[in-house]
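# After the sequence you'll find the predicted model.
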Amino acid sequence: MFGSKKKKLDDLMAQLRPDLSREALGVGPDFPGVAPNPFLSSDARKRNAELRTGALALGVLVDWREVNSNPRVVLMFDVETVGGIVFRGIADEALTITELTRLAPGQTLPVRYRPAVMDHYVALARDADPARVQQLSDEIASRKRT
């Protein structure tokens, strides 16, 4: 009974915003979807708290979609971890107008993900130490060379 309500909500979101559907975002059917309002969703609040302490990875910005005019955006990344795992990552972020105007496909940004869950959700790692990000970038690049 409860699962059917969640399924209906996911279907409703896909109908209202086809650009935020699983297919449009490039993720599989196991992706839980974009929350209509992450502040009202306990699952989204829990996920965001876990992502703040998640593992660091690098994400190449593929595209983004504005969700509202706050501006809340959904960012799509091709994420690569230090362990060599590559996946499509989705970040649901509130950006400033300045940050939004600086977005460009192909940018590499540090992101955090939850290795134990691997559900396509990531978050911008705004707190990441630049030296650690450079070290991560070097480790990923050296693995590609070998």
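On my side now, so go ahead. Numbers count the residues shown, from 1 in each chain.

# what's the average pLDDT for the one helix or strand residue 62 maps to?
Remark: residue 62 resides in strand 55-66, with elements defined by DSSP states H and E. Mean pLDDT, computed over strand 55-66, is 94.

# could you say what helices and strands that strand packs with?
In terms of contacts (3 or more CB pairs under 8 Å, 6 or more residues apart in numbering; DSSP states H and E), strand 55-66 is packed against strand 72-80, strand 86-94, strand 108-113, helix 130-145. No exception for glycine: its C-beta is placed from N, CA and C like everyone else's.

# Tell me which other helices or strands the second one touches.
Helices and strands touching strand 86-94, as assessed by 3+ CB pairs under 8 Å, 6+ apart, comprise strand 55-66, strand 72-80, strand 108-113, strand 122-124.

# Please state the offset of that strand from the chain centre?
Centroid separation between strand 86-94 and its chain, computed with CA atoms, centre = their mean, to the nearest Å, is 1 Å.

# Report how many residues lie close to the residue nearest to residue 66 when sequence neighbours are not counted.
Leaving aside its sequence neighbours, residue 66 sits nearest to residue 73 (CB to CB, 6 or more residues apart in numbering; 5.4 Å). Residues near residue 73, counting by other CB atoms under 10 Å, number 19.
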